[in-house]
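Trainee: Curious how this folds, go ahead:
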Amino acid sequence: MIDLTTTYLGMKLRTPLVPSASPLSQELDGIRRLEDAGASAVVLYSLFEEQLRQERFELDHHLTAGTESFAESLTYFPQPGEFRLGPEGYLNHIRKAKEAVRIPIIASLNGATVGGWTDYARQIEQAGADALECNIYSIPTDLDVPGVEIEQTYVDIVKAVKTAVSIPVAVKLSPFFSNMANIAKRLELEGANGLVLFNRFYQPDIDLDELEITPNVLLSTPQALRLPLTWIGILYGRIRASLAATSGVHGPEDVIKLLMVGADVTMLCSTLLRNGITHLRYIEQGLLEWMERREYESVQQMKGSMSQLRCADPTAFERAQYMKAVKSVQHVLVTSREAWRILTGD
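Mentor: Numbers count the residues shown, from 1 in each chain. Next up, the predicted model:
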């Protein structure tokens, strides 16, 4: 019998299929349905740093007072009604989820600065969460802040959270570092038990009719897979922290590729929102069928088999492959022109 078990953040999971933070985990019924469909763990809907600030400093009153004279300023801050759960409600959600299902519940904190919100991690642990995912979501725009300062903020956040809790902590990162490998190593040294690669930044769009900047959330496509595939393949075997792949995971083939470069788990969101929660069963079945055809006995056997450490051509993960890719495009263009010349007689 094929063994799909894997280990993530020190937890033994039935399969590498883990739904990431999304609206699907806002309700207990959704969490139950995810478990029934085969999810081996669930990352809960994120609690935002802004929510904790609002509760602690009553920002809602201060931010809205007097802004009627410049209504646009209201859009710069999250509105109270935009958040599904407040801080106390989130803790209750964790408690109820732990009672409702048997799979691990991973809480999610979304923030960008070092501060009081990291203290909330202790309350999340006390509520019964099996692990905590720190989603560090920040787009630096200050021209005077150097990259080293931004990286230090990430390190300080992880250090503060690890000081507060004893449960495993994963860090969800963006790919925008001058040296991704170095920041991964630094976060591990500060105690990060896992890295979730990668966060997706939601860029705004422009409404040409209303001449307004508008939010525009686009679900990922399988093409987004290449970035986590590249970096997990590079980091596998070089750091001890668990590696979770997220963004672009839509079908069994995507899961297989990520496991082969070294992912411990593959996290799904867009594909479940698009195809429904039961799509998890299709992905698991596809994974089993492929492994059976290729005579793999376990996920552990295939994990990392195509990573940079084990790849016959390690440079495939680096610049040499870039040059090959450019040449392949040039070859396609030349071939296309020649085919057109033959067909048209030009």
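
Trainee: rest of the way, CA atoms for contacts and neighbours
Mentor: Fine.

Trainee: The spatially most central residue of the chain pairs with what?
Mentor: By CA atoms, centre = their mean, the chain has its centre lying nearest to Thr246, at 4.3 Å. Here Thr246 sits in beta bridges with Met267, going by DSSP bridges.

Trainee: domains in this protein, as residue ranges please.
Mentor: Per automatic domain parsing, the domain ranges recorded for the chain read 6-311, 312-346.

Trainee: Between its first and last residues, how far does the first one reach?
Mentor: Start to finish, the residues bounding domain 6-311 are 22 Å apart (CA to CA, to the nearest Å).

Trainee: most tightly surrounded among the domains of the chain?
Mentor: Highest mean neighbour count among the domains of the chain (mean count of other CA atoms under 10 Å): domain 6-311, with a mean of 18.

Trainee: Give the rounded mean pLDDT of that one.
Mentor: Mean pLDDT, computed over domain 6-311, is 88.

Trainee: Now do that domain: distance to the chain's middle.
Mentor: In this view, domain 6-311 has its centroid 4 Å away from the chain centroid, taken as CA atoms, centre = their mean, to the nearest Å.

Trainee: Tell me which stretches of the chain form strands.
Mentor: 6-8, 11-13, 17-19, 42-43, 47-48, 105-111, 131-136, 169-173, 194-197, 205-207, 212-214, 242-246, 265-268 (DSSP state E).

Trainee: Would you mind putting the ones you listed into a markdown table with distance to Leu143 alongside?
Mentor: Shown next, in a markdown table, are these (distance: least, CA to CA, whole Å):
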| stretch | distance to Leu143 |
| --- | --- |
| strand 6-8 | 38 |
| strand 11-13 | 42 |
| strand 17-19 | 36 |
| strand 42-43 | 34 |
| strand 47-48 | 25 |
| strand 105-111 | 21 |
| strand 131-136 | 20 |
| strand 169-173 | 21 |
| strand 194-197 | 26 |
| strand 205-207 | 23 |
| strand 212-214 | 22 |
| strand 242-246 | 30 |
| strand 265-268 | 34 |
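
Trainee: Among those, single out whichever gets nearest to Leu225.
Mentor: Comparison of the strands of the chain against Leu225 by CA to CA identifies strand 242-246 as nearest, at 7.9 Å.

Trainee: Could you pull out the helices in the protein for me?
Mentor: Taking DSSP state H, the helices of the chain run over residues 28-37, 49-57, 59-64, 87-100, 120-127, 147-164, 180-189, 226-235, 252-261, 270-275, 279-293, 299-302, 319-344.

Trainee: For Met1, find the nearest of those helices.
Mentor: Set against Met1 and scored by CA to CA, the helices of the chain come closest in helix 279-293, at 9.3 Å.

Trainee: Could you check how far Val255 is from Pro16?
Mentor: Distance, Val255 to Pro16, by CA to CA: 8 Å.

Trainee: Which neighbours do those two have in common?
Mentor: Thr266 (CA atoms under 8 Å, 6 or more residues apart in numbering).

Trainee: Run through who's touching stretch 183-196.
Mentor: 8-9, 151, 154-155, 158-159, 162, 168-173, 177, 239-246.

Trainee: so who does Gly262 touch?
Mentor: Ile232, Gly233, Tyr236, Leu243, Lys303, Gly304, Ser305, Met306, Ser307.

Trainee: What's opposite Val214 in the beta bridge?
Mentor: No, residue 214 isn't Val; it's Thr. Assessed by DSSP bridges, Thr214 has beta-bridge partners Asp205.

Trainee: so it touches Asp205, yeah?
Mentor: Yes - assessed by CA atoms under 8 Å, Thr214 is found in contact with Asp205 at 5.3 Å.

Trainee: distance of the closest residue to Ile256 other than its chain neighbours from Ile2?
Mentor: Nearest non-adjacent residue to Ile256, counting by CA to CA, 6 or more residues apart in numbering: Leu287, 6.8 Å away. Here the criterion is CA to CA. By it, Leu287 lies 10 Å from Ile2.

Trainee: Then Asn135?
Mentor: Asn135 sits 33 Å away from Ile2, going by CA to CA.

Trainee: ditto for Lys257
Mentor: Distance, Lys257 to Ile2, by CA to CA: 18 Å.

Trainee: Also Ile234?
Mentor: For Ile234, the distance to Ile2 equals 27 Å [CA to CA].
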